[in-house]
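Q: no sequence for this one, just the structure:
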């Protein structure tokens, strides 16, 4: 009979690896960095040989397209950037397919936009597709669909996309491969006093301690700030998140091995973000991070307390709503803000996000009214509450005093 630790050590892990543009393309020439790409492929194959499931989230469609079209820099117009991405995505997948194909490892291309995950059925279809590919021993290679994405439906960068994917597949690890060994308190290239941050279990405190003003490479869309956002999203889903150097991708294997054997002394330099002990359930994760926020509902203190108190965790009713902002329809996601009166002044506190049962126009008509009055005001009743507690994600336990 195996000891408990031996059982956990032999566990099959689900690992999401995000590779940035700076790890794939030369920033000036846009030629592919084949040594880096080969090392990433070997790392994925090494993880697969240990029985782990791996999803690769990759950038560089635009960078690869620029090289293919012999263009010196990213064009300024959206349509031109989308066209370049369309050219580059095919070439990028060909590179991956060639490298993985040398070892007989099948790969699959998945292109997503935020819009693809906004509908619950499409979100579940994407989850099921990735799970099915992993079950077939295929390596899914995911990228944002830059050829059709617009500002309103973009994830914004592949750091965020990789965190969403990690949450979707309930990953054990998310590795954000970048051009530095770890997170520093400041830019180590310009500040010699910058210190490495090795462990983070409190994102709020961390943001007060580090400077993340660096915007990343000319080809990429993110910098260290986007990696902190990704870490916050992933850890909320219960995913341990690691920032480490993309040119040393073999460190992924070493970090996992050190965790397995509880040997921290020989672990390569990296930053570790501790996963939350009480991660959000799948549906609430989808509401919080998979959905575009269409508007804001302001509630009074009484309604906020009823929603936040552990023993109540009430739904949101029209009587507690004081104001509605934005234009939205039923089943869209909105922010919920408590508007508190203090010494003659108003203070607003963000308390959560939820799916509404009524449109913004309908809520504006029924706000401050009891549920029994809705039928007289609207002529019908779709639900007694505006947001049901099962569709409400609370971001805090109480309103500040």
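A: Looks like it arrived, so ask away. Because the structure is a prediction, the values reported are computed rather than measured.

Q: Would you state the helices of this structure in chain order?
A: Ranges of helices in the chain, per DSSP state H, are 4-9, 34-49, 61-68, 78-101, 114-118, 120-135, 158-168, 203-209, 224-236, 251-260, 282-285, 301-308, 360-366, 374-378.

Q: so which of the ones you listed is the most packed in?
A: helix 158-168 (a mean of 28; mean count of other Cβ atoms under 10 Å). Glycine gets a C-beta too; all of them are placed from N, C-alpha and C.

Q: and the angle for it with helix 120-135?
A: Helix 158-168 and helix 120-135 are oriented at 80 degrees to each other (axes from the mean of the first three to the mean of the last three Cα atoms, to 10 degrees).

Q: related to what we said a few turns ago, need the helices of the chain in JSON lines (columns: distance to residue 389 and mean pLDDT).
A: Shown next, in JSON lines, are the helices of the chain (distance: least, Cβ to Cβ, whole Å; pLDDT from 0 to 100):
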{"stretch": "helix 4-9", "distance to residue 389": "35", "mean pLDDT": "39"}
{"stretch": "helix 34-49", "distance to residue 389": "40", "mean pLDDT": "95"}
{"stretch": "helix 61-68", "distance to residue 389": "41", "mean pLDDT": "91"}
{"stretch": "helix 78-101", "distance to residue 389": "40", "mean pLDDT": "93"}
{"stretch": "helix 114-118", "distance to residue 389": "22", "mean pLDDT": "79"}
{"stretch": "helix 120-135", "distance to residue 389": "18", "mean pLDDT": "93"}
{"stretch": "helix 158-168", "distance to residue 389": "21", "mean pLDDT": "90"}
{"stretch": "helix 203-209", "distance to residue 389": "26", "mean pLDDT": "77"}
{"stretch": "helix 224-236", "distance to residue 389": "19", "mean pLDDT": "85"}
{"stretch": "helix 251-260", "distance to residue 389": "37", "mean pLDDT": "92"}
{"stretch": "helix 282-285", "distance to residue 389": "11", "mean pLDDT": "83"}
{"stretch": "helix 301-308", "distance to residue 389": "7", "mean pLDDT": "92"}
{"stretch": "helix 360-366", "distance to residue 389": "17", "mean pLDDT": "96"}
{"stretch": "helix 374-378", "distance to residue 389": "18", "mean pLDDT": "95"}
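
Q: Can I get the ones you listed in CSV including distance to residue 194?
A: Formatted as CSV, the helices of the chain follow (distance: least, Cβ to Cβ, whole Å):
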stretch, distance to residue 194
helix 4-9, 35
helix 34-49, 24
helix 61-68, 27
helix 78-101, 33
helix 114-118, 33
helix 120-135, 37
helix 158-168, 20
helix 203-209, 12
helix 224-236, 11
helix 251-260, 20
helix 282-285, 33
helix 301-308, 39
helix 360-366, 46
helix 374-378, 57
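
Q: Now that residue 51 has come up, it's in contact with residue 12, right?
A: Yes. Counting by Cβ atoms under 8 Å, residue 51 does reach residue 12; the two are 5.2 Å apart.

Q: Ok, which of the helices of the chain comes nearest residue 274?
A: helix 224-236 (6.7 Å; Cβ to Cβ).

Q: Just want the angle from that closest one to helix 158-168.
A: Going by the same axes, to 10 degrees, helix 224-236 makes 10 degrees with helix 158-168.

Q: List the contacts of residue 329.
A: Residues in contact with residue 329 (Cβ atoms under 8 Å, 6 or more residues apart in numbering) are 359-360.

Q: let's see 7 Å
A: Contacts for residue 329 (Cβ atoms under 7 Å, 6 or more residues apart in numbering) come out as residue 359.

Q: Run through the strands of the stretch 301-401 of the chain in chain order.
A: 321-325, 333-342, 345-355, 392-394 (DSSP state E, counting those that start in this stretch).

Q: hmm, back to that, ok, which of the helices of the chain comes nearest residue 176?
A: helix 224-236 (5.1 Å).

Q: List the contacts of that closest one.
A: Residues outside helix 224-236 that contact it (Cβ under 7 Å, 6+ apart) are 157, 159-160, 162-164, 166-167, 174, 176, 178, 183, 203, 207, 212, 214, 241, 243, 273-276, 279-280, 289.

Q: Now find how far off-centre stretch 32-45 is within its chain.
A: 24 Å (Cα atoms, centre = their mean, to the nearest Å).

Q: typed the wrong thing, it's stretch 161-175
A: 7 Å.

Q: Residues in contact with that stretch: which ones?
A: By Cβ under 7 Å, 6+ apart, stretch 161-175 touches 13-18, 55, 57, 112, 126-127, 130-131, 142, 144, 155, 176, 230, 233-234, 237, 239-242, 244, 252, 256, 285, 289-290.

Q: And it, end to end?
A: 12 Å (Cα to Cα, to the nearest Å).

Q: Ok, stretch 46-66 next?
A: With Cα to Cα as the measure, the first residue of stretch 46-66 is 31 Å from its last.

Q: Next, give phi and psi for residue 268.
A: When read as degrees, to the nearest 10, the backbone of residue 268 gives phi -60, psi 160.

Q: re earlier: can you say which of the helices of the chain is nearest to residue 325?
A: helix 360-366 (8.0 Å).
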